[in-house]
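1. Give me the fold of what follows.
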Amino acid sequence: MTHSRKWIARLGVFACMFAGLGCVETMPPGDGGGDGGGNEEAPDIPPAETFVINFDDFTEDADTNGEPTVRTTGVLPRANWLYSGGTVLVWNTILTVNLVIPVASFVESFNHQPTLKAGGIWSWEYDFMANGNSFSAELQGQINGGVVDWNMFITKDGEYTDFNWFSGQSSLMGTDGTWSLNRNPNDPSSFIDIEWNRNEAAGEADIRYENVIPDSADNGDYIYYGVNMESPYNAFYEIFRTNQGKLTQIEWNRETKAGRVKDEQNFGDEEYYCWDEFLVDTECPGGVEGPADELSP
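-> Numbering: from 1, shown residues only. Prediction:
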């Protein structure tokens, strides 16, 4: 399986679209040094979209100063889309700043073949670049019954060796799984937990990041993103701030970009506030029941 290196170029906004499942890497007969001998298949690496959330639709209209712009001429009200984009931007910034190295290490893994080591552990070993620095990575995958256990070890010469930056577990069919990330080698405490689900046949997928920093006022904050085949809105975010008890629900159409947002604390009621395909505020269409109320994890 090969994946384009555009993943690295787009790390700044983690702009990754949900795609198909990863492929199986197969060792030729006699290769590998594990207990199972030859003719064994490596487990699927979960797709990059199980690790990287999609922020495309709330960043692609940014101007050179990083401020959202509208795709029409003139000054038109666009408070609803701007509020949604600003709420999403908080998480985008947190992830961009803190996850560059682990994300770069993960997406590079798809460009390499594994070897089978002792104990039935499959190992992807390679070098990669992040933040202008060189690193070495070893992604380990081990089949354990109906699941695969994953561990990513990262080394930076002269600073740290085999730091277990994240671990995870996925189903053998690649339909669901989890990742647990530590903050960094200088502070190896728990940072972000990820849960993901994928149903390629139904055109559905979701990913949920939760802040698990010990003793943090933001512990329990989460952003939940998903895509589906619903109409008229086929994508959503749900963003929760624990210390404020604040829930923001955003839904939009990935093709037209029209959408809506609900946030009782911000708008003062439980109504949705909409924008059209030009990102301009508009009356919400009547009779539209959205999925966000039912999709909370």
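
2. Helix, strand, or coil at Gly86?
-> helix (DSSP: H, G, I helix; E, B strand; the rest coil).

3. tell me the contacts of it?
-> By CB atoms under 8 Å, 6 or more residues apart in numbering, Gly86 lies in contact with nothing. In this view, the C-beta of every residue, glycine as well, is placed from N, C-alpha and C.

4. Kindly state the pLDDT recorded for it?
-> You'll see Gly86 listed with a pLDDT of 95.

5. okay, and for this structure, where does confidence drop off?
-> 1-39, 60-76, 287-297 (pLDDT under 70).

6. Show me where it has its helices.
-> 6-9, 79-98, 100-108, 264-267 (DSSP state H).

7. could I get those as TSV with distance to Phe278?
-> Output for the helices of the chain, formatted as TSV (distance: least, CB to CB, whole Å):
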stretch	distance to Phe278
helix 6-9	28
helix 79-98	9
helix 100-108	32
helix 264-267	21
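
8. Go through those and pick out the most buried.
-> Of all the helices of the chain, helix 100-108 carries the top mean neighbour count, a mean of 22, counting by mean count of other CB atoms under 10 Å.

9. Let me see the ranges of the strands in the stretch 151-297 of the chain.
-> Applying DSSP state E, counting those that start in this stretch to the stretch 151-297 of the chain gives strands spanning 160-171, 176-184, 187-199, 204-211, 222-227, 235-241, 246-252, 259-262, 273-275, 281-282.

10. Paired strands for the shortest one, with orientation please.
-> Strand 281-282 has the following sheet partners, assigned by DSSP bridges: strand 273-275 (antiparallel).

11. got JSON lines for the strands of the stretch 151-297 of the chain, with distance to Met129 and mean neighbour count too?
-> Formatted as JSON lines, these follow (distance: least, CB to CB, whole Å; neighbours: other CB atoms under 10 Å):
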{"stretch": "strand 160-171", "distance to Met129": "16", "mean neighbour count": "18"}
{"stretch": "strand 176-184", "distance to Met129": "17", "mean neighbour count": "18"}
{"stretch": "strand 187-199", "distance to Met129": "22", "mean neighbour count": "17"}
{"stretch": "strand 204-211", "distance to Met129": "24", "mean neighbour count": "20"}
{"stretch": "strand 222-227", "distance to Met129": "27", "mean neighbour count": "21"}
{"stretch": "strand 235-241", "distance to Met129": "30", "mean neighbour count": "21"}
{"stretch": "strand 246-252", "distance to Met129": "34", "mean neighbour count": "22"}
{"stretch": "strand 259-262", "distance to Met129": "36", "mean neighbour count": "24"}
{"stretch": "strand 273-275", "distance to Met129": "38", "mean neighbour count": "22"}
{"stretch": "strand 281-282", "distance to Met129": "43", "mean neighbour count": "16"}
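
12. Compare those and give me the one nearest Glu49.
-> Smallest distance to Glu49 across the strands of the stretch 151-297 of the chain (CB to CB): 6.8 Å, for strand 204-211.

13. where's the closest one relative to the chain centroid, distance-wise?
-> Centroid separation between strand 204-211 and its chain, computed with CA atoms, centre = their mean, to the nearest Å, is 7 Å.

14. Just the CA coordinates for that strand, please, in CSV.
-> The C-alpha coordinates for strand 204-211 follow below in CSV (Å, rounded to 0.1, in the frame of the first residue of the first chain):
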residue,chain,number,x,y,z
GLU,A,204,-20.0,6.2,7.6
ALA,A,205,-17.0,7.0,9.8
ASP,A,206,-16.3,8.9,13.0
ILE,A,207,-13.4,9.9,15.2
ARG,A,208,-13.4,11.3,18.7
TYR,A,209,-10.6,13.1,20.5
GLU,A,210,-10.8,13.5,24.3
ASN,A,211,-8.5,15.5,26.6
